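Visitor: Kindly generate the corresponding structure for this input.
(one chain, ligands or ions: 1)
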Amino acid sequence: MPKEPARYIQCYQVKIGDNEWVHIPGCWAATQDPACCTCDISGSELERAQQARREAEAYIEKLHDRAHERTERLNQMFQTNKKIHAEMRKLEQILAKQTA
Ligand SMILES: [Zn+2]
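Guide: From the prediction side, this is the model:
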């Protein structure tokens, strides 16, 4: 006789006193914090949200890499400009001596 698949148990509250309730976790997230319960979120919806988050994080990482590359290029251009200005000052001094 084939076994019936285990039923998914959702989180629920049990009243244990006049004003006391206990949270019985049915999902893994709720074992850490009842506020993080994912029982009402369907699996595919949660997976889509997690996939979208991974894609967004990868995109942010890519943007960080691009920003880093551009900062590097900017620093290189700044150093090159500094050398060019130093060379121009030298040439201006030589020219000033020749025309004096
Ligand atoms: Zn739950």
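
Visitor: Helix or strand: which one has the most centrally placed residue in the chain?
Guide: Centroid-nearest residue in the chain: residue 57, 4.2 Å away (criterion: CA atoms, centre = their mean). Assigned by DSSP states H and E, residue 57 belongs to helix 43-99.

Visitor: now for that helix, which elements pack on it?
Guide: On a contact count with 3 or more CB pairs under 8 Å, 6 or more residues apart in numbering; DSSP states H and E, helix 43-99 meets no helix or strand. C-beta: built from backbone N, CA, C; applies to glycine.

Visitor: pLDDT on that helix, on average?
Guide: What helix 43-99 shows for mean pLDDT is 94.

Visitor: Work out the gap between that helix and the centre of the chain.
Guide: 21 Å (CA atoms, centre = their mean, to the nearest Å).

Visitor: Then stretch 18-35?
Guide: 29 Å.

Visitor: Would you mind pulling the contact partners of it?
Guide: With contact meaning CB atoms under 8 Å, 6 or more residues apart in numbering, stretch 18-35 is reached by 8-16, 36-39.

Visitor: how about that stretch, does it reach the ion?
Guide: Yes: interface with the ion: stretch 18-35 contributes 26-27, 30 (CB under 5 Å from the ion).

Visitor: Figure out the length between the terminal residues of that stretch.
Guide: 22 Å (CA to CA, to the nearest Å).

Visitor: Would you mind listing what in this structure touches the ion?
Guide: 11, 26-27, 30, 37, 39.
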